[in-house]
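>>> Give me a model of this one.
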Amino acid sequence: MQAPADVEFVQTPSASFLCPVCQDVYQDPLITRSCNHSFCSTCIFQSIEVEALCPLCRSHIRNDDLHPNLVLSNLVGELQVYCTNRAHGCLTTVRLDDLPTHMAQCAFTPVKCHHATLGCRFVGPERAVTPHLEVCAYEQLKPFIATMNDRVKTLEDQLQTHTEELETLRALLTEQSRVLLPSPTSSTIMTKQPSMDGISIPVSTNGTTSPEPAINGELAGLVSAGMRSTVDPWDSWVHGSIICRRTINYHASGVTSLCYGDDILFSGAHNGSIKVLNVRDEQKVYTLHDHRMSVWALAHHSDANRLFSAGKDGNIKAWDVASCLNAIDEGERARPISTLSNRHGKIYGLAILGDRLFSASSDKTIKVWDVHTLENTATFTGHNNNINSITPLHDGRIVTASSDHTLKIWDVATGMCTRTIPTQAEALDCAAGDGLLFASTYDALIHAFSLEDARPLARLEGHDWEVWQLAYAGQSGHGGSAGALGGGEGPAAKLFSASFDHTVRRWDTRMWRCDLVLRGHKGYVHAMTLGDGCLVTGCADKTIKVRGRNGRFAKHP
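Numbers count the residues shown, from 1 in each chain. Sure thing, here's the model as predicted:
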């Protein structure tokens with residue numbers, strides 16, 4: 001039902017149809033069980049968040065005391081309203097609950113010319129489009145435009161092919177050079193060769209290519225957060241050139257989340273679907289359907305072999321991975337084993353720490369769930385706006401980033417916030433390791449803090465738009481440790497950031513500078529996950545890119 005603020009009633013509604021809180025026509029009215037007073041659902045939920053009392057009689061009420069007032073909802077739906085296209089000539093009046101159906105068919109709904117993307121500014125009713133096309137200059141140029149678009153597409157494809165060939169040659173050159181030049185621990189002074197298309201190659205001062213870390217076989221495969229093995233920093237792939245080796249195109253809409261566990265890559269999308277790629281059999285892709293809207297978060301618990309998905313519909317779905325894949329193999333639809341409902345908000349983040357699942361929501365709360373029983377065991381409160389992400393610190397703490405311009409560090413055992421770190425803009429995502437805490441904010445900046453005392457260390461600038469994804473590759477494996485600041489001796493750890501400016505950046509966490517820009521996506525980069533041998537990114541352009549030294553996932557024995 002359309003909001004009353006957007007419609008014009010034929011007759012002024014009676015005062016009995018007005019919510020006592022907002023003084024507007026009821027929207028999704030709820031009635032209290034104890035005192036039988038009715039309110040808009042949004043109004044009463046916001047009111048009891050401040051004070052758990054009825055706004056009219058001051059009786060104590062809880063969420064459980066509220067239920068839909070179906071009679072009042074039906075009466076409101078019968079009110080007569082004008083079509084919202086009245087200003088464009090439509091004089092139809094309909095019931096309020098029939099307005100969406102009428103609007104979908106209204107001939108007076110303003111539409112743009114088919115060539116609006118080319119520059120045509122025509123806007124008018126549907127019946128005027130055909131006469132307009134007869135005189136539209138862009139329609140006359142349609143054959144020429146189509147021919148030029150085909151030529152541009154051909155040139156783009158050729159350019160992409162040449163770029164991939166160039167990247168392959170660069171990688172071969174880098175690997176061959178390691179046997180001819182000194183080891184990274186020698187006294188050779190290092191500089192950076194100018195990058196092209198996001199590829200940066202270390203060179204020595206005499207102009208020859210510097211040695212890259214040795215490659216021991218193919219990609220070691222993706223390893224989920226918390227399960228990755230320790231890596232010698234000089235052999236770690238994150239310090240060399242990173243090349244896009246593979247682009248996956250099996251999503252029908254933008255990719256919004258990524259997760260890896262037990263040789264399976266999970267990816268969520270704007271249309272509510274989840275794709276499942278078993279890296280042992282890369283030709284087979286499974287699809288899970290149950291969300292009605294965008295899947296913003298995924299998390300996998302290895303011991304239970306359960307996938308948790310959540311998003312815009314406010315639900316967390318728990319999936320038994322083995323059962324889902326078996327069901328699809330047998331021609332049946334895979335279904336979640338349970339739906340954990342968060343009726344008051346969208347869910348933007350999921351994280352697993354031990355046997356607990358944490359969910360971050362637009363309702364300003366963090367909920368804690370048992371991954372085995374799926375019971376809600378606790379709720380943490382303290383933020384004053386959307387919680388955009390949640391990150392485990394692996395020492396019994398989690399950190400959350402919120403639109404209330406703060407980061408909060410929580411003790412999981414007590415549910416208490418132990419530290420609040422203010423930010424200058426909305427905090428979007430966090431990453432941590434080696435005594436460092438990183439936070440991205442809505443102003444396209446990344447801030448570095450000391451985990452020990454929250455002392456600001458640096459501000460990283462370079463992205464043009466907001467950064468929604470961060471991933472930290474520490475000196476002793478993914479995520480580093482929670483110990484000494486900076487991680488001690490050896491090469492600097494790396495931070496990866498994915499942005500709405502279509503790029504992914506790599507940052508040197510010792511010099512506090514960007515040393516590599518990865519391009520190739522043609523839309524917002526919504527999702528990113530980090531592995532021992534590759535970086536995986538998901539984008540609004542419907543693609544997933546695997547970046548590393550190899551073009552495919554390793555086949556595990």
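>>> buried residues in stretch 318-335?
Ala318, Trp319, Asp320, Val321, Cys324, Leu325, Ala327, Ile328, Ala334, Arg335 (16 or more other CB atoms under 10 Å). From N, CA and C alone the C-beta is placed, and that goes for glycine too.
>>> what do you get for stretch 237-252?
237-248, 251.
>>> With stretch 284-302 instead?
286-288, 290-291, 294-301.
>>> out of these, who's nearest Ala87?
Ser294 (32.8 Å; CB to CB).
>>> What separation do you get for that closest one and Thr381?
25 Å (CB to CB, to the nearest Å).
>>> What ranges does the stretch 101-250 of the chain have for its strands?
Taking DSSP state E, counting those that start in this stretch to define them, one finds strands in the stretch 101-250 of the chain at 111-112, 123-124, 190-192, 202-204, 243-248.
>>> unless I'm mixing things up, Trp296 is touching Tyr348, no?
Yes. Assessed by CB atoms under 8 Å, Trp296 is found in contact with Tyr348 at 5.3 Å.
>>> for the longest helix along the chain, the distance to its chain's centre please.
Looking across the chain with DSSP state H, the single longest helix is helix 142-177. Put simply, helix 142-177 sits 29 Å off its chain's centre (CA atoms, centre = their mean, to the nearest Å).
>>> and the angle for that helix with strand 243-248?
Between the axes of helix 142-177 and strand 243-248, defined by axes from the mean of the first three to the mean of the last three CA atoms, to 10 degrees, the angle is 130 degrees.
>>> mean confidence score for helix 142-177?
Averaging pLDDT along helix 142-177 gives 79.
>>> still on that earlier bit, from the buried residues of stretch 318-335, pick the one nearest Ala527.
Trp319 (18.0 Å).
>>> Show the contacting residues for the closest one.
Leu288, Arg306, Leu307, Phe308, Ser309, Ala334, Pro336, Ile337 (CB atoms under 8 Å, 6 or more residues apart in numbering).
>>> again, only this time at 6 Å
With contact taken as CB atoms under 6 Å, 6 or more residues apart in numbering, Trp319 is in contact with Leu307, Pro336.
>>> Neighbouring strands - and their directions - for the helix or strand harbouring it?
Element membership of Trp319 [criterion: DSSP states H and E] is strand 315-320. Looking at strand 315-320 with DSSP bridges, its partner strands are strand 306-311 (antiparallel), strand 338-341 (antiparallel).
>>> Any idea which of those strands gets closest to Met528?
The nearest among these, by CB to CB, is strand 306-311 at 16.8 Å.
>>> does Leu277 sit in a helix, a strand or a coil?
strand (DSSP: H, G, I helix; E, B strand; the rest coil).
>>> so how far is Arg335 from it?
Leu277 is 20 Å from Arg335, by CB to CB.
>>> hang on, the earlier thing: pLDDT averaged over the strand holding Trp319 - what is it?
Here the average pLDDT along strand 315-320 is 94.
>>> next structured bit after that strand?
helix 321-329.
>>> and for that following helix, what are the contacting residues?
Counting by CB under 6 Å, 6+ apart, Tyr286, Asn305, Leu307, Ala334 sit against helix 321-329.
>>> Which members of those residues are positioned in strands?
Judged by DSSP state E, strands contain the following of these: Tyr286, Leu307.
>>> In JSON lines, list the contacts of helix 321-329 along with distance to Cys120 and pLDDT.
What follows is the contacts of helix 321-329, written out as JSON lines (distance: CB to CB, whole Å; pLDDT from 0 to 100):
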{"residue": "Tyr286", "distance to Cys120": "43", "pLDDT": "90"}
{"residue": "Asn305", "distance to Cys120": "54", "pLDDT": "92"}
{"residue": "Leu307", "distance to Cys120": "46", "pLDDT": "96"}
{"residue": "Ala334", "distance to Cys120": "45", "pLDDT": "92"}
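>>> Tabulate the contacts of helix 321-329 (JSON lines), appending distance to Cys22.
Output for the contacts of helix 321-329, formatted as JSON lines (distance: CB to CB, whole Å):
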{"residue": "Tyr286", "distance to Cys22": "46"}
{"residue": "Asn305", "distance to Cys22": "47"}
{"residue": "Leu307", "distance to Cys22": "40"}
{"residue": "Ala334", "distance to Cys22": "43"}
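>>> Just the helices from the stretch 51-200 of the chain, written as ranges.
Using DSSP state H, counting those that start in this stretch, the helices assigned to the stretch 51-200 of the chain run over residues 70-77, 99-105, 129-135, 137-140, 142-177.
>>> Select, out of those, the one closest to Val467.
helix 142-177 (24.7 Å).
>>> before we move on, back to that, ok, which pair from the buried residues of stretch 318-335 is furthest apart?
Ala318 and Ile328 (17.1 Å).
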